[in-house]
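Novice: Pasting the sequence and the predicted coordinates here, then a few questions.
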Amino acid sequence: MVSRVDHGTRPSTTGFRRVLAGSMAGSVLEWYDFAIYGVLAATVLGPLFFPGGSGVVQLLLALATQGLGFIARPLGGVVFGHLGDKFGRKPMLVTTFLLLGTSTAAIGLLPTYHQIGIWATVLLVVLRMTQGFALGGEFGAAVLMVSEYGEPKRRGFWASWPQAGAPLGTVLATVVVTVLAAVFPGDAFDAWGWRVAFLVAVPLLVIGFWIRRSVEESPVFQAAQAGAEQRAAGQRKSSVLEALSRPRAVLHGLGMRLGENIAFYIYTVFVIAYATRYFGYARGDVVLAVTFASVCQFAGMIGGGHWSDRVGRKTAMLVPAVALVVWAPVFFWMVQTSSVPVLWLGVCVGAFFHGMLAGPEAAWITELFPTRYRYAGSSLVFQGSSIIAGAPAPLIAVWLIDSFGVGTVIGYLVLTMAITVVAVATSRETTGVDLDRVG
């Protein structure tokens, strides 16, 4: 049982493990949803919900719907960020998780365009927006709970675990799709087998909710609340406004997330459509490559988080960021060889470098902000970057390659990764910062 700690008291090991498990459950479900939609958008959902037009148009529309989920994320980040700084991290963990799980499962029950017409598309958009709104508060709360509970000297390592929910969710999504494609071959999968992939969210929802409802509030937040109660309520302003009134940390975070976020979607979502549509790879081969690459990405994240505790966040992020700039043209050349083993190598190396970059990111962003507006500031960074990076990345990449050729996609990835390098290089070192600060 985690104690109702005073300032400086560390929670029990059992309590921390529960926090870690609860945060991981939400993170895995979050990225399972986005990965499953990305995989199916590139292969199935276009004709079912956006009939008419060429295959490229259907693909673009399906990926654009995925982007709509990102548009709602900053709004969720603002709303849940403010509420989380005011009422606590735990209530937001539970609320966002329920919204996310139920909306994901509901997609699996949607009728298609051929059954109810345009309303199918409208309902899909509404559910994607609901998912995005929930995700806006979900990830920030998960990372903050682990960061604020965990041992300070190993904060980079522990905070990388919720971050690593992304590759785990991707692995789960691709494994589920692969198994379902085998169980429901051919038209059976395209007709209704894909629905099971979304309905898998139901058991994940039950397990995650059971874990999260028993988690106690962050001790760092409790200490901050005790200090805040000594001030007049009228003297406190929105934590979102406080974060925006000190924009340096937000801008550094957004700059860092720009290239990192785009790289993630290039190596996990765009590559599926790119390799299958333009170079004739079998869908199963590419999906399997992405699955294995996600394991490499997971290892990179955990290793990167651990390394950042030893050498500092800046060094631990700059090395893989520069490596990703160099790897971009190599990766696209590898895909163009039409060799499955070479494709595997290209995706796996890129995913590993991305993991090394993203692993320390969770602790670094947490450490940029003081407790009283940490949830809001972190959410603005995590979810604001989804608008400028994550949401349009697959869409822009498909449009660029279809209109101007592969060189423009390489330039897009290299330019945005260069911005990430500059953002990290010009930021302050945060390793070892005291999260108990409330000033």
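Specialist: All right, it came through fine.

Novice: CA atoms for contacts and neighbours, from now on please.
Specialist: Fine.

Novice: All the helices of the stretch 201-350 of the chain, in order from the start?
Specialist: With DSSP state H, counting those that start in this stretch, the ranges of helices along the stretch 201-350 of the chain come out as 201-212, 219-228, 239-245, 247-265, 271-279, 283-311, 313-336, 340-367.

Novice: which residues touch residue 318?
Specialist: Neighbouring residues of residue 318 by Cα atoms under 8 Å, 6 or more residues apart in numbering: 357, 421, 424-425.

Novice: What score does the spatially closest residue to residue 427 that is not a sequence neighbour have for pLDDT?
Specialist: Leaving aside its chain neighbours, residue 427 sits nearest to residue 252 (6.5 Å; criterion: Cα to Cα, 6 or more residues apart in numbering). On the pLDDT scale, residue 252 is placed at 94.

Novice: low-scoring stretches of the stretch 201-350 of the chain, by residue?
Specialist: Applying pLDDT under 70 to the stretch 201-350 of the chain flags residues 216-219, 222-237.

Novice: again, only using 50
Specialist: Applying pLDDT under 50 to the stretch 201-350 of the chain flags the ranges 230-235.

Novice: Nearest residue to residue 105 in space, please, no chain neighbours.
Specialist: residue 199 (4.7 Å).

Novice: hang on, isn't that neighbour packed against residue 102?
Specialist: No: Residue 199 is beyond contact range of residue 102, at 9.4 Å (criterion: Cα atoms under 8 Å).

Novice: count of neighbours near residue 107?
Specialist: Using other Cα atoms under 10 Å, residue 107 has 20 neighbouring residues.

Novice: could you check the distance from it over to residue 186?
Specialist: Look at residue 107 and residue 186: by Cα to Cα, to the nearest Å, they are 21 Å apart.

Novice: count of neighbours near the closest residue in space to residue 306 that isn't next to it in sequence?
Specialist: Of all residues not flanking residue 306 in the chain, residue 157 sits nearest, at 4.4 Å (Cα to Cα, 6+ apart). Neighbours of residue 157 under the rule other Cα under 10 Å: 25.

Novice: Could you say which helix or strand holds residue 157?
Specialist: Applying DSSP states H and E as the criterion places residue 157 in helix 155-163.

Novice: Can you tell me what sits against the next helix or strand after that helix?
Specialist: Per DSSP H and E, the first helix or strand lying C-terminal to helix 155-163 is helix 165-183. Here helix 165-183 makes contact (Cα under 8 Å, 6+ apart) with 24-25, 27-33, 35-36, 39, 189, 193-194, 196-197, 268, 284, 287-288, 290-292, 294-295, 297-298.

Novice: Then stretch 125-141?
Specialist: 26-27, 30, 65-66, 68-81, 84, 89-90, 92-93, 96-97, 99-100, 103-104, 106-107, 162, 375, 378-379, 382-383.

Novice: Buried members of these into PyMOL, please.
Specialist: Per 16 or more other Cα atoms under 10 Å, the buried members of these correspond to this PyMOL selection:
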select buried, resi 26+27+30+65+66+68+69+70+71+72+73+74+75+76+77+78+79+80+81+84+89+90+92+93+96+97+99+100+103+104+106+107+162+375+378+379+382+383
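
Novice: Looking at the contacts of stretch 125-141, which are in helices?
Specialist: 26-27, 30, 65-66, 68-81, 84, 89-90, 92-93, 96-97, 99-100, 103-104, 106-107, 162, 375, 378-379, 382-383 (DSSP state H).

Novice: if I look at residue 33, how far off is residue 239?
Specialist: In terms of Cα to Cα, residue 33 sits 29 Å off from residue 239.

Novice: again with residue 99
Specialist: For residue 99 relative to residue 239 (Cα to Cα), the value is 23 Å.

Novice: Neighbours of residue 149, how many?
Specialist: There are 26 residues near residue 149, going by other Cα under 10 Å.

Novice: per-residue pLDDT, it?
Specialist: 79.

Novice: Just confirm it contacts residue 221, I think it does.
Specialist: No: Residue 149 lies out of contact with residue 221 (Cα under 8 Å); the separation is 9.8 Å.

Novice: Looking at the contacts of residue 318, which is nearest residue 245?
Specialist: residue 424 (20.9 Å; Cα to Cα).

Novice: Which of the helices or strands spans the closest one?
Specialist: helix 406-425.

Novice: Kindly provide the distance from the closest residue to residue 169 other than its chain neighbours to residue 205.
Specialist: Distances taken as Cα to Cα, 6+ apart place residue 32 nearest to residue 169, at 4.0 Å, with adjacent residues excluded. Using Cα to Cα, one gets 12 Å for the distance from residue 32 to residue 205.

Novice: ok, the two, which is more surrounded?
Specialist: Neighbour count, other Cα under 10 Å: between residue 32 and residue 205, residue 32 has more, with 29 against 21.
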